[in-house]
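Colleague: Pasting a predicted model and its sequence here:
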Amino acid sequence: MSKKSVKGEYIETDTGNKVSRRSQIIGTTNIILGGKTVIQAEVIIRGDLLRTYPTSTAGEKQGNPVAVAIGRYCFFSRGCELRPPGKLYKGQFSHYPLKITDHVFIGPGSIVEAALIGSHVNIGANCVVGKFAIIKDYVRILDGTVVPPNMVIPSFSIVAGRPGRVVGEIAEGEVDGMDLREVYRAVGNH
Amino acid sequence: MSSKRASMMPPAPKPPTSLSSSLVIAEHASLTGTKLITLGSNTVIHPRSKLSSAYAPITIGNSCIISERSQIGIQNEPDEEEADPVVIEDGVIIEVGAVVEGKRIGEGSVIEVNAKVGRGAVLGKHCKIGPLCEVAEGEVLPDYTVLFGNGMRRIDNSGVEDLKMKMVARQVEVLRKLIPSKIAKFQ
């Protein structure tokens, strides 16, 4: 970080995202970043795995297809990967969008193929979040957990193990520590 | 930006390859080593997957899916003179970050996220190695074995392997549309 180069490690976008130059983002046009999100080195985001199954409702807005949607103040640690999940539905295989809301922390080396991650979710290091998992708000997933595919994790749970199980609850007082504004400020080209 | 990325690639000589014309191989996949790499038809190689034939040849069958960050091939110098070649049969899915050094991966097997298949291991047909599970060096797994959790195992006799093979084929069709193929770069 203290390397005195002309270019810093992070590219800062207009909306305050800090994206490492060494991240491996594929399909950038299909990724939405809400702003103030940090993407560290060697993070892979698979924006190219788009939904190929036609949307049923005509009312759905046209425009750029979205493979990965990310909210504000998210933090993706070194070497983690975000990958839209895929499944066979009505005889057709398709990937479906991966939605991540605000203040989501993903630890180093974790691989996430969830369908939805709620706000203030903390995923530890080297976790595997299975396809189409749904993680609600204020969830902590401890290091090395394997969240099985299609699991729905209720709010305020602590999840650990292989396969992941709910092992505890988050007390009301602990919730404050899951805000990622401070972490965001600490990262950058100092 | 793409020109800058390319310069970061090591200028290693290309390994000899035998690539099917219907192969889908992403530009950022890496094929390294000195021995022959054979890739069958309708196989999909995701970006950032690593195939290394430095110590033994690699053969991958038809309709396989090799995901990003997976490492195929013998990873470090073998103790004996010759390491067994890595053979992956038809319809095998290798998911993100898996390390495959096995001698034979049977038809329709699935190696899930960050799993490891040790050197010389033989997997039967339609095996499934769960996330973070490991197959020891030289281990032989019978057909339909499922490894899951902390090294637990069972035999899957649900009999849905035909359906699973169909699903792999569908998945390959979709990925063919999504991943631009750069076969010329590896020939």
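Modeller: Sure, I can see it. Here the structure is a predicted model, which is why all the values come from computation and not from measurement.

Colleague: Contact partners for residue 114?
Modeller: In the absence of a named chain, chain A is used. Applying Cβ atoms under 8 Å, 6 or more residues apart in numbering or on different chains, we find A:A114 in contact with A:P85, A:L98, A:V129, A:G130, A:K131, A:F132, A:A133, A:I134, A:I135, A:V147. Yep, even glycine has a C-beta here, placed from its N, CA and C like the rest.

Colleague: nope, chain B please
Modeller: The neighbours of B:N114, taking Cβ under 8 Å, 6+ apart as the test, are A:I111, A:N126, A:V128, B:V96, B:G97, B:A98, B:P131, B:L132.

Colleague: What sits closest to the residue of chain B found nearest chain A if chain neighbours are left out?
Modeller: Of all residues in chain B, B:R170 sits closest to chain A, at 3.9 Å by Cβ to the nearest Cβ. In this structure, B:R170 finds its nearest non-sequential neighbour in A:F93, 3.9 Å apart by Cβ to Cβ, 6 or more residues apart in numbering or on different chains.

Colleague: And the pLDDT at that neighbour?
Modeller: Among the per-residue scores, A:F93 holds a pLDDT of 91.

Colleague: how far away is it from B:A26?
Modeller: Counting by Cβ to Cβ, to the nearest Å, the gap from A:F93 to B:A26 is 18 Å.

Colleague: Comparing the two, which residue is more hemmed in?
Modeller: Legend: neighbour count by other Cβ atoms under 10 Å in any protein chain shown for A:F93 and B:A26, higher for B:A26 (23 against 20).

Colleague: which outside residues touch the longest helix seen in chain B?
Modeller: Identified as the longest helix of chain B according to DSSP state H is helix B:161-178. By Cβ under 8 Å, 6+ apart, the surrounding residues in contact with helix B:161-178 are A:48-50, A:52, A:86, A:88, A:91-95, B:24, B:42-44, B:46, B:63, B:65, B:91, B:93, B:108, B:125-126, B:144.

Colleague: Tell me the helix or strand right after that helix.
Modeller: Proceeding N to C from helix B:161-178, the next assigned helix or strand is helix B:183-186, under DSSP states H and E.

Colleague: could I get the longest helix of chain B in PDB with only the CA atoms?
Modeller: Written as PDB, here are the backbone C-alpha positions of helix B:161-178 (Å, rounded to 0.1, in the frame of the first residue of the first chain):
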ATOM      1  CA  GLU B 161     -27.400 -39.700 -14.200                       C
ATOM      2  CA  ASP B 162     -29.000 -39.500 -17.700                       C
ATOM      3  CA  LEU B 163     -30.800 -36.300 -16.600                       C
ATOM      4  CA  LYS B 164     -27.600 -34.900 -15.200                       C
ATOM      5  CA  MET B 165     -25.700 -35.600 -18.500                       C
ATOM      6  CA  LYS B 166     -28.500 -33.800 -20.300                       C
ATOM      7  CA  MET B 167     -28.200 -30.800 -17.900                       C
ATOM      8  CA  VAL B 168     -24.400 -30.600 -18.600                       C
ATOM      9  CA  ALA B 169     -25.200 -30.500 -22.400                       C
ATOM     10  CA  ARG B 170     -27.700 -27.700 -21.900                       C
ATOM     11  CA  GLN B 171     -25.200 -25.800 -19.700                       C
ATOM     12  CA  VAL B 172     -22.600 -26.100 -22.400                       C
ATOM     13  CA  GLU B 173     -25.000 -24.800 -25.000                       C
ATOM     14  CA  VAL B 174     -25.700 -21.700 -22.800                       C
ATOM     15  CA  LEU B 175     -22.000 -21.100 -22.000                       C
ATOM     16  CA  ARG B 176     -21.200 -21.300 -25.700                       C
ATOM     17  CA  LYS B 177     -23.300 -18.200 -26.200                       C
ATOM     18  CA  LEU B 178     -21.900 -16.400 -23.200                       C
END
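
Colleague: Figure out how far that helix is from the centre of its chain.
Modeller: Taking Cα atoms, centre = their mean, to the nearest Å, one finds the center of helix B:161-178 at 16 Å from the center of the full chain.

Colleague: check contacts around the nearest residue to B:T145 once chain neighbours are set aside.
Modeller: Distances taken as Cβ to Cβ, 6+ apart place B:C127 nearest to B:T145, at 4.8 Å, with adjacent residues excluded. Counting by Cβ under 8 Å, 6+ apart, B:C127 touches B:I105, B:G106, B:S109, B:V110, B:L141, B:D143, B:Y144, B:T145, B:V146, B:L147.

Colleague: Contacts only, for the fourth one.
Modeller: Going by Cβ under 8 Å, 6+ apart, B:V110 touches B:V92, B:I93, B:E95, B:C127, B:K128, B:I129.

Colleague: ok, the fifth one to A:K136 distance?
Modeller: According to Cβ to Cβ, B:K128 and A:K136 sit 29 Å apart.

Colleague: and if you look at the first one?
Modeller: The spacing between B:V92 and A:K136, counted by Cβ to Cβ, is 35 Å.

Colleague: Looking at the contacts of B:C127, which one is closest to B:K182?
Modeller: B:I105 (25.1 Å; Cβ to Cβ).

Colleague: number of nearby residues for that closest one?
Modeller: That count, for B:I105 with other Cβ under 10 Å as the rule, works out to 30.

Colleague: Contacts only, for it.
Modeller: B:V87, B:I88, B:E89, B:V92, B:I111, B:V117, B:L123, B:C127.

Colleague: In PyMOL, select just the buried ones from these.
Modeller: The buried subset of the contacts of B:I105, as determined by 16 or more other Cβ atoms under 10 Å in any protein chain shown, is captured in PyMOL by this line:
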select buried, chain B and resi 87+88+89+92+111+117+123+127
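
Colleague: What about the contacts of B:I105, which are in strands?
Modeller: By the criterion of DSSP state E, membership of these in strands covers B:V87, B:I88, B:I111, B:V117, B:L123.

Colleague: Just grab the bridge partners of the third one for me.
Modeller: I take that to be B:I111. Counting by DSSP bridges, B:I111 forms beta bridges with B:I94, B:I129.

Colleague: Please verify my assumption that it contacts B:I129.
Modeller: Yes. Using Cβ atoms under 8 Å, B:I111 is in contact with B:I129, at 4.9 Å.
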